[in-house]
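# I would like to see how this sequence folds:
(one chain, ligands or ions: 2)
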Amino acid sequence: MAESIPVGHGADHADHGDHGHHEMSFTEKYVFPLDHKMIAMQYMFTGMFMAIIGGFFAYVFRMQLAFPGIEVPGFGVVTPAAYNSLVTNHGTIMIFWVAMPVLIAAFGNYLIPLMIGADDMVFPKINRLSYQVFLVSAFVILGAFFVEGGAFGGAWTAYPPLSTKAEYNLSGLGSTMWITAVFLEFVAFLLGGINFITTAMNSRAPGMKMWDIPMVVWMIVIASILFMLSVGPLLAGGIMMIFDQNLGTAFFDPDRGGDPILWQHLFWFFGHPEVYVVLLPAVGIVADVITTFSRKKLFGYKTVLYTAIGTGVLSFTVWAHHQFIAGIDPRMANVFTVTTLLISVPIAEMLFVYIATLYGGSITLTTPMLWALAFIFEFLIGGVTGIFLGASGNDIFMHDTYFVLAHFHYTFYPIAIIGTFAGFTYWFPKMFGKMMNEGLGKLHFWLTILTFNGIFLPLFVLGAAGQHRRIYDFQNYPELAQPWMQDIRQFATICLCVMLGAQLIFFYNVIKSWMSGPASGKNPWRANTLEWTAASPPPHGNWPEGLPNVYRGPYEYSHPDREEDYWPQNEPA
Ligand code: HEM
Ligand SMILES: [Cu+2]
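Ligands and ions are numbered 1, 2, ... in the order given. Coordinates of the predicted model:
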């Protein structure tokens, strides 16, 4: 069987003759594909579809916060229960059904074989299975909105006893569907991770050494390892939660001797590394984009790599910073304060490395480059505000306020949205063989970035003024119902509406460029990495004429001995 032997897949292809293949039916090609690029597209467009749903939920509950009690156009009046389940599923969907599938699965599937010079993943059938399990999980999470009691409303962190008792969360079946969906999604990513790691390690083109692997590939590999190492306890916790919900066990139920804090440990032991699981691929995308558009070598390639690994290891030691007010021993809180403040060092270092890469480069501000620069700038705000929250004494005041909410949106939004746009606009010519429209791309960029800051910067202020998260109607709290506060809420919501509207420009640009954009050729950005040596879009098998050889690292831009300012990895010296 081809997929059990790493090198076998290529041989398998040769058997088909000169890639004429048998004509694949529509179902074989688009519904149950084995080609890594098609699976990548499935993940990409499912993720984008889920982003629209997650964004729509944000629109509905932000309308409720800005104009309490109104009939939200396109939704209706938001009840308190609906508010809770919209917030819960917004968070859950954005992390597990948008950030994960797009950044890891879509970019990982698309880029890993193409950037290491392989014709496909090592295990194409596991790859296909991964997407199928993922798709089922998406149906389960969305299906919960249609069952009796509605979708789960106990927050994306699902703390017991709220999450385990139907009489508290009011959504018996919905809460079981929520945890089942998350469980299935984890299974899908375990299956995907096996492929990413083995393919990157075993199927590299001849001549490609460890240090010749492009950064985005490394980052997806490290992220997959982090995911695998952290998810086990939460999978166990998920089963325990399903038992508590349905079979009368009491792992987490304090009334009957269970321990609700146990869940918090299991959740955050996974939950904090999860931030790095989605962060690292975005960091990798940014590395590849900024080197191309500053025509410079990545400053400190190995430094970035070791830093990423070090950050990954450290990320297993910070989880209890989410539990500073959960009654943990203050001495223990000190330990977690120290580890948390420590982890900001490598992250800051990575950003410095990027700034050093840009320094003195000949920078062109293309749309992907603007996104990459915005990532550096906006993520910096997320990182710096995290330091406030990592200090346990301060977090006693800040915990569960909108300061926290603004902080983590300044990390997740750059990761999931900005990072994705950087990668998507950069590799669009490869994926579809067409150039995107730069004017529309820039308009979309500026509208999205300005409104993003318009939404979330003011929320730091509200948070510092004591505004709590997960509140349905602030008019019930006189100290939070002051007119200036309501003005800020309305401003944030209006910015959100403009931002969501601006996404139409993006989808219009994608469809129009795909249909009638100028042809891109193989290497429109004059970049070094191997994917740019394949046809655009690459055919099944990627290089039917024969796989490339590699002679050097991925970032040899502006080499003094060369006339051209780039030096493709596959070009003999
Ligand atoms: C599209 C713009 C977005 C807006 C306007 C927005 C707004 C919000 C607001 C206001 C809340 C809290 C509501 C409450 O506590 O009552 C929230 C929660 C959350 N958001 Fe977003 N968000 C956006 C995008 C994202 C993205 C891209 C991610 C992650 C990739 C994300 C992840 C989360 C998470 C994890 C929660 C916590 C949910 C919970 O408390 O259970 N959001 N969002
Ligand atoms: Cu954390």
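
# surely residue 131 and residue 41 touch.
No. Residue 131 is beyond contact range of residue 41, at 10.1 Å (criterion: C-beta atoms under 8 Å). To be clear about C-beta, it is placed using only N, CA and C from the backbone, and glycine gets the same treatment.

# looking at the two, which has the bigger crowd around it?
residue 131 (23 against 19; other C-beta atoms under 10 Å).

# show me what the helix or strand containing the more buried one is packed against.
When elements are assigned from DSSP states H and E, residue 131 belongs to helix 124-143. Contacts defined by 3 or more C-beta pairs under 8 Å, 6 or more residues apart in numbering; DSSP states H and E place helix 124-143 against helix 36-66, helix 172-202.

# so how far is the last one from its chain's centroid?
For helix 172-202, the distance from its own C-alpha centre to the chain's C-alpha centre is 14 Å (C-alpha atoms, centre = their mean, to the nearest Å).

# repeat for stretch 85-95
14 Å.

# before we move on, what about stretch 421-430?
15 Å.

# quick check: which helices or strands does the helix or strand that the helix holding residue 131 is followed by pack against?
Using DSSP H and E, the next helix or strand after helix 124-143 towards the C-terminus is helix 166-169. For helix 166-169, the elements it packs on are helix 172-202, judged by 3+ C-beta pairs under 8 Å, 6+ apart.

# follow-up on the earlier one: can you pull the residues that touch both of residue 131 and residue 41?
Shared contacts of residue 131 and residue 41 (C-beta atoms under 8 Å, 6 or more residues apart in numbering): none.

# tally of neighbours for residue 475?
Count around residue 475 with other C-beta under 10 Å applied: 11.

# for ligand 1, what is the nearest residue in the stretch 51-200 of the chain?
Among the residues of the stretch 51-200 of the chain, residue 91 lies closest to ligand 1, at 2.7 Å counting by C-beta to the nearest ligand atom.

# now that residue: which helix or strand?
helix 80-92.

# for the residue sitting nearest the centre point of the chain, give me its contacts.
Nearest to the mean C-alpha position of the chain, by C-alpha atoms, centre = their mean, lies residue 99 at 2.6 Å. Residues near residue 99 by C-beta under 8 Å, 6+ apart: 278, 412, 415, 416.

# can you tell me the SS state at residue 338?
Secondary structure state of residue 338, per DSSP: H, G, I helix; E, B strand; the rest coil, is helix.

# near ligand 1, which residues of the protein?
When proximity is defined as C-beta under 6 Å from any ligand atom, the chain approaches ligand 1 at 55, 58, 61-62, 87-88, 90-91, 94-95, 98-99, 155-156, 405, 409, 412-413, 416-417, 455, 469-471, 496.

# what do you get if the cut-off is 5 Å, keeping everything else the same?
The chain has residues 55, 58, 87-88, 91, 94, 99, 155-156, 412-413, 416, 469-470, 496 near ligand 1, with proximity defined as C-beta under 5 Å from any ligand atom.

# quick one: which of those residues is nearest to residue 389?
The shortest gap between residue 389 and any of the residues of the chain next to ligand 1 belongs to residue 469, at 12.8 Å (C-beta to C-beta).

# that closest one: how many residues sit nearby?
Neighbours of residue 469 (other C-beta under 10 Å): 14.

# so what's it up against?
Residue 469 makes contact with 400, 401, 402, 404, 405 under the criterion C-beta under 8 Å, 6+ apart.

# ok, residue 343 next?
Contacts of residue 343 (C-beta under 8 Å, 6+ apart): 311, 314, 315, 318.

# now do the helices in the stretch 251-400 of the chain.
260-294, 301-314, 330-358, 367-390, 392-398 (DSSP state H, counting those that start in this stretch).

# what residues are up against residue 223?
104, 276, 277, 278, 279, 280, 281.

# top of the residues you listed by neighbour count?
Neighbour counts for those peak at residue 281, which has 33 neighbours (criterion: other C-beta under 10 Å).

# hmm, residue 219 and that residue touching each other?
Yes. The pair residue 281 / residue 219 is scored as a contact, 5.3 Å apart, by C-beta under 8 Å.

# residues near residue 522, how many?
Residue 522 - counted by other C-beta under 10 Å - has 14 other residues nearby.

# go on, the one 10 residues further on?
Other residues lying near residue 532 total 24 when counted by other C-beta under 10 Å.

# how about residue 562?
11.

# likewise for residue 226?
The burial count for residue 226: 26, using other C-beta under 10 Å.

# over to residue 327?
Residue 327 is flanked by 7 other residues according to other C-beta under 10 Å.

# the residue nearest to it when sequence neighbours are not counted: what's it in contact with?
Nearest non-adjacent residue to residue 327, counting by C-beta to C-beta, 6 or more residues apart in numbering: residue 261, 7.3 Å away. Applying C-beta under 8 Å, 6+ apart, we find residue 261 in contact with 323, 326, 327.

# ok so, going back, who touches the very next helix or strand once past the helix holding residue 91?
Downstream of helix 80-92, the first helix or strand assigned by DSSP H and E is helix 107-116. Helix 107-116 is contacted by residues 36-37, 39-41, 43-44, 118-121, 127, 192, 196, 199-200, 203-205, 208, 213-214, 216-217, 220, 224, 281, 285, 423, 427, 430-431, 529-531, 534, 538, 542, 554 when judged by C-beta under 8 Å, 6+ apart.

# please consider this matter closed, and thank you.
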